[in-house]
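S.K.: Show me how the following folds:
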Amino acid sequence: MTAAASPNTRIEPASHATSGSEVLIGGCPVSDLARQFGTPLYVLDQASLTGMARAYQAMLDTYPGESLVLFAAKAHCNMGLCQLMQQLDCGLDLVSGGEVHTARQAGFNLANTLFNGNNKSDDELAYALAHGVGLISVDNATELEQLARVAMANGRHATILLRVAPGIECHTHDYIKTGHLDSKFGFDLSQIDAALKTISTANSAGNSPVLTLAGLHAHIGSQIFELQPYQDLATTMLAEYERIRRQHGLVMTHIDLGADWASNTPRRTTRPVSRPSPVPSSRHWLTPVMPSNTPTPNCSLNQAEAWWPRPAPPCTKSAASSISPNWTKPTWPLTAAWATTSAWPCTRPSIRPG
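M.R.: Residues are numbered from 1 along each chain as shown. Take a look at the predicted model:
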C-alpha cells in the first residue's frame, strides 16, 4: 500500500465529501447528524476504518506464521465497532471489564481478544475468565499471583502472555513511552525467570494447572514514526522467546509486538519519516530478524493511534467534529450505529458480572 493510498495519511475520513457548503461523511450531511443527535458529536467513518484494517492485515501478509491485527478498544469501544472488527477478521485489545462486557454484548468472539492493562481487579479477571477471553496479558509479578489466585478460586484456567519492558527507546513524547527499562508497564527481562517459577508453583498447587504461558507481549509507545525501534523490539522479543525455549524447554506460541504507528496530521506532515510507508510491511522490519532455528510464533499487533487521526476542526455550519477512522456495516441504520453523543467512554465502567 502506497503512502498516497493509506487512510492514516490524511485527516479527512475516507468518505469525506463536500456539497456546496455542506460536509458529508458516508453520504450523510454532518449538519443533519448534528440536528438529529446534538453536539458535540463524534462521527465514525466505516470506509476509513475498513481501509486501515485491510492495510494492517496486508502489512502482515509476508509474516511466515499466523497473525492477527487487534483493534485497541481503549481508543473507542461500543457494540457497533466491536461488530465491525469481527466482520473485518480483527481481534480486540481490551483494557477493562467494561470493554470485555461490551465486546461480549456485541457478540464478539472473545477467543480473539487480549485482556491488557496494569490494574485489573479480581472481579474483572474473574469476568474475563468466565466468558472465555482468549489471552490475558500479565503486567507484573503481583498480577501474576493475583490471576493464579482468581483462576484457582473460580475453577478456571488462564492462557497468558507476559508483558515485557524490553528497554527500547523510541522518539515520541515521554508521556507515551512505555517500553523503556524504568517503565511502570511490564516485567523487566531480568524478572522473566522468576515469573516462570511463579507459574510453575501456581500450577503445582492445585489438582490441575491454572496458568499456561502462551508467549510474550510488549508495547514501546505511541505515535512512533521511525521503523528502527520496532525492528529492535522484534529482535529483543524473539531473542527472549528463544532463550526461554532453550533454557526452560518451553515452546511458546504467541508474540505480541504492540505497534501503534503514528498517524499523520497537518501539524505532523513536515516531520521526517524513515519508514517506507505509513503502514510498513513486515518484510521491512520483522521478517529480517526472524531466527531460522526458532519455531515461528503466532504474531499479533495492537493498533489504536494510527486508526484515529486527530479530530478535524469543527464544521462551522454544524459544529460537529469528524474523526477519520474505519468501520463495518452495522445491523441498524448507519447514523444510529456510527454516531454517538457521549464523550469518549470511561476505560473502567462499573459492571455486574454474570
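S.K.: CA only for contacts and neighbour counts going forward, please
M.R.: Noted.
S.K.: Hmm, residue 100 is touching residue 128, no?
M.R.: Yes - contact criterion Cα atoms under 8 Å: residue 100 and residue 128 qualify, at 6.8 Å.
S.K.: what residues are shared contacts of the two?
M.R.: residue 115 (Cα atoms under 8 Å, 6 or more residues apart in numbering).
S.K.: Could you check which of these two has the larger neighbour count?
M.R.: residue 100 (28 against 24; other Cα atoms under 10 Å).
S.K.: which residues does the residue nearest to the more buried one when sequence neighbours are not counted form a beta bridge with?
M.R.: Distances taken as Cα to Cα, 6 or more residues apart in numbering place residue 94 nearest to residue 100, at 6.3 Å, with adjacent residues excluded. Taking DSSP bridges as the rule, residue 94 bridges to residue 115.
S.K.: Against residue 128, how distant is residue 94?
M.R.: For residue 94, the distance to residue 128 equals 10 Å [Cα to Cα, to the nearest Å].
S.K.: Give me the common contacts of the two.
M.R.: Jointly contacting residue 94 and residue 128 under the rule Cα under 8 Å, 6+ apart are 100, 115.
S.K.: okay, now residue 65: neighbour count?
M.R.: Neighbour count of residue 65, defined by other Cα under 10 Å: 12.
S.K.: Can you verify my assumption that it contacts residue 296?
M.R.: Yes - using Cα under 8 Å, residue 65 is in contact with residue 296, at 5.8 Å.
S.K.: and the longest helix seen in the chain, what other elements does it pack with?
M.R.: In the chain, with assignment by DSSP state H, the single longest helix is helix 228-248. Counting by 3 or more Cα pairs under 8 Å, 6 or more residues apart in numbering; DSSP states H and E, the packing neighbours recorded for helix 228-248 are strand 211-217, helix 282-285.
S.K.: Looks to me like residue 50 is in a strand.
M.R.: No - per DSSP: H, G, I helix; E, B strand; the rest coil, residue 50 lies outside any strand segment and is helix.
S.K.: If I look at it, what pLDDT would I see?
M.R.: Looking at residue 50, its pLDDT reads 91.
S.K.: Which strands border the helix or strand following the longest helix of the chain, and is each parallel or antiparallel?
M.R.: In the C-terminal direction, the helix or strand that comes right after helix 228-248 (DSSP states H and E) is strand 254-256. Sheet pairing for strand 254-256, assigned by DSSP bridges, gives strand 211-217 (parallel), strand 298-303 (parallel).
S.K.: I'd like those strands as TSV, with mean neighbour count and mean pLDDT appended.
M.R.: Converted to TSV, these look like this (neighbours: other Cα atoms under 10 Å; pLDDT from 0 to 100):
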stretch	mean neighbour count	mean pLDDT
strand 211-217	22	94
strand 298-303	22	77
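S.K.: Would you format those as CSV with distance to residue 189 included?
M.R.: Output for the strands paired with strand 254-256, formatted as CSV (distance: least, Cα to Cα, whole Å):
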stretch, distance to residue 189
strand 211-217, 11
strand 298-303, 20
